[in-house]
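Structure for the following, please:
(2 chains)
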Amino acid sequence: MAEITPPVRVRFAPSPTGFLHIGGVRTALFNWLFARHYGGQFILRVEDTDEKRFVVGAADDMMASLRWVGIDWDEGPDIGGPHAPYVQSERNDLGIYRQYVDQLLAAGKAYMSFTTEQELEQMRADATAKGIKAFRFRGPERDWPLERQQELAAQGKPYTVRLKTPLDGTTSFTDLIRGGGEPITVNNSELQDIVLLKSTGMPVYHLAHLVDDHLMNITHVLRAEEWVPSAPYHILLYNALGWEPPVFGHLPVILRQDGKGKLSKRKDDVATNRFWERGYLAEAMFNYLALQGWSYDDHTEIMTPDEIVERFTIDRVQASPARWNPDKLKDMNGIYIRMLSNAELAERLVPFLGAAGLIGMPPSADERAYVERLVPLVHERLEELGEAPELLEFFFRDVSYPDPALLVPKKMDPPGTAAVLRAAYERLAAVEPWSEGQLEEALRALVEELGLKAGQLFGAIRVAVTGRTVAPPLFETLAALGKQRSLARIDAAAQALGG
RNA sequence: GCCCCCAUAGUCUAGCGGCCUAGGACGUCACCCUUUCAAGGUGAAGAUCGCGGGUUCGAAUCCCGCUGGGGGUACCA
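Presented below is the predicted three-dimensional model:
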């Protein structure tokens, strides 16, 4: 296994074509962990060379997603750095890429290709029709003298610039993660002359990222597995430019939950912002994502970011794909929620309760205090913060009994239940002070006197007071709800049963 | 189709030739705790380490073939 020798500079270079999904965050995270572990720099660069798919605001959205999980960068579009700008369209305006295209052209390593997209499409269609197994485009211009290419270009004929890929021989590269230590090799005959510069004058990913990586002194390229097939082109391009290639490491993709294909923005609910909206803690997401393709040992899963940074070595990154497992993430989120103090959880719950209209935005001091009072009742019942409003709603709103049958416990009838609720009402009316301990004492005594099972009495009161069969523990609930409201609800429930 | 990568329970993973009667986690089930639901505790089911050949005294671990899965095959990244 290759040793990682400092200095180390890595980057994450998303394309602003939409929101950043968790697979992208995972790739960014691994780069970040790599940089932090080996004491190097992590750079963020925006690759917006696809004018057609460009989405306004996407880059900002992506940065917000990265920041949310706790990823920061040493150089980037928003903070600048020694290699600014960090946005490819801006770099293109500066003529950064064109100069290398000219260098390649002059050296005969690339050529101007005048075949149009339509013609290309036709050629592909013809090839399939003829049963040709693989169509690999090599433009006729690759053998023309540069002057002839320039002549046509001067006439205003649109052209792309393509890499002149060797017809025979092999190209290979070593990968930090896959290949089992052996180089990955492809026959050049399997390659084709890829486009470097579009007819619009905009560079294509292959050229732009490579020029930038070189100029920005990137030492290690850790990117998703889907880039493996294009790595040989990149090696060839580095060679053509006379540059030393960086070290490659292709990260496993994250497969969809059913294993059918990689995570998709369109089909899967995996937009990063969806997770904070639903109440996932960034620390849980960080931990979960770190484990998507990396592991520490045979039993450690819950780790702080510092621990992960310290333990993150590239040799422990998996070559086989990870699988998106929302259940596991949810479980982990529950663990992280339980690790929070009541005050911290209350603080994080406020926005959710506010959004649900249960408290003001911002909340009053009283509301804030009340939320903190309620937190212990739901603390260990929460796996997503977004579940809190529903669990706590009855503390803020009156309950109704659309289905009075829910009030009737096992082995009891409506009239009997009404009578029991009346008895409970009388008993509770006398409880003073209205504390958890006093409430328990009073109700347990009543259970004895009525000859009921604890579950029967408590169940009836629970539904009466919360409007639901599943709720936090009864005595704490009554105590937090207050005497007046508790009694009023028990009374209303008894009436609903005709008592 | 062609090229490339990958392959341990339903899922994620530990394992890098003997510590493995294959460890941990999610999920599932049971029991305990208990006023419901959770949480917590205990335990169970679940993997002939994809299949077939080698190499070796010995293989989940190394090699080959097959199969399966995934990725790529754009003037997208």
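
Double-check A:D61 against A:F19; I have them as touching.
Yes - applying Cβ atoms under 8 Å, one finds A:D61 in contact with A:F19, separated by 5.7 Å. Heads up, the C-betas are built off the backbone N, CA and C, glycines and all.

which residues are common contacts for those two?
Each of A:N273 lies in contact with both A:D61 and A:F19 under the rule Cβ atoms under 8 Å, 6 or more residues apart in numbering.

need the strands for chain A, in chain order.
A:9-12, A:41-44, A:110-113, A:160-163, A:170-173, A:184-187, A:195-197, A:220-224, A:247-251, A:254-255, A:322-323 (DSSP state E).

Let's have the ones you listed in JSON lines, adding distance to RNA strand B.
JSON lines is the format used below for the strands of chain A (distance: least, Cβ to the nearest atom of the strand, whole Å):
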{"stretch": "strand A:9-12", "distance to RNA strand B": "11"}
{"stretch": "strand A:41-44", "distance to RNA strand B": "13"}
{"stretch": "strand A:110-113", "distance to RNA strand B": "8"}
{"stretch": "strand A:160-163", "distance to RNA strand B": "5"}
{"stretch": "strand A:170-173", "distance to RNA strand B": "9"}
{"stretch": "strand A:184-187", "distance to RNA strand B": "4"}
{"stretch": "strand A:195-197", "distance to RNA strand B": "4"}
{"stretch": "strand A:220-224", "distance to RNA strand B": "8"}
{"stretch": "strand A:247-251", "distance to RNA strand B": "7"}
{"stretch": "strand A:254-255", "distance to RNA strand B": "6"}
{"stretch": "strand A:322-323", "distance to RNA strand B": "3"}
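
These: which one's closest to A:V25?
Closest of the strands of chain A to A:V25 is strand A:9-12, at 9.2 Å (criterion: Cβ to Cβ).

so how far is that closest one from its chain's centroid?
Its chain's C-alpha centre and that of strand A:9-12 lie 19 Å apart, by Cα atoms, centre = their mean, to the nearest Å.

tell me which parts of the stretch 301-450 of chain A are close to RNA strand B?
Residues of the stretch 301-450 of chain A lying close to RNA strand B (Cβ under 7 Å from any atom of the strand) are A:301, A:315-316, A:318-323, A:325, A:327-328, A:330-331, A:334-335, A:338, A:380-381, A:440.

could you flag which of the residues you listed are buried?
Buried by 16 or more other Cβ atoms under 10 Å: A:A322, A:R323, A:K330, A:G334, A:E440, out of these.

Would you check that my belief about the first one contacting A:A290 is correct?
No - if you go by Cβ under 8 Å, A:A322 and A:A290 don't touch, sitting 11.0 Å apart.

Return the alpha-carbon coordinates of stretch A:183-201 using PDB.
What follows is stretch A:183-201 as a C-alpha-only set of coordinates in PDB (Å, rounded to 0.1, in the frame of the first residue of the first chain):
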ATOM      1  CA  PRO A 183      -2.000  -0.700 -11.600                       C
ATOM      2  CA  ILE A 184      -5.200  -0.500 -13.500                       C
ATOM      3  CA  THR A 185      -4.500  -0.800 -17.200                       C
ATOM      4  CA  VAL A 186      -6.500  -0.200 -20.300                       C
ATOM      5  CA  ASN A 187      -5.700  -0.700 -24.000                       C
ATOM      6  CA  ASN A 188      -5.400   2.600 -25.800                       C
ATOM      7  CA  SER A 189      -7.400   1.100 -28.600                       C
ATOM      8  CA  GLU A 190     -10.400   1.100 -26.300                       C
ATOM      9  CA  LEU A 191     -10.100   4.900 -26.000                       C
ATOM     10  CA  GLN A 192     -11.300   7.600 -28.200                       C
ATOM     11  CA  ASP A 193     -10.500  11.200 -28.900                       C
ATOM     12  CA  ILE A 194     -12.300  13.000 -26.100                       C
ATOM     13  CA  VAL A 195     -13.400  16.600 -26.400                       C
ATOM     14  CA  LEU A 196     -11.300  19.000 -24.400                       C
ATOM     15  CA  LEU A 197     -12.800  22.300 -25.600                       C
ATOM     16  CA  LYS A 198     -16.400  22.700 -26.600                       C
ATOM     17  CA  SER A 199     -17.400  24.600 -29.700                       C
ATOM     18  CA  THR A 200     -18.500  27.400 -27.400                       C
ATOM     19  CA  GLY A 201     -15.000  27.800 -26.200                       C
END
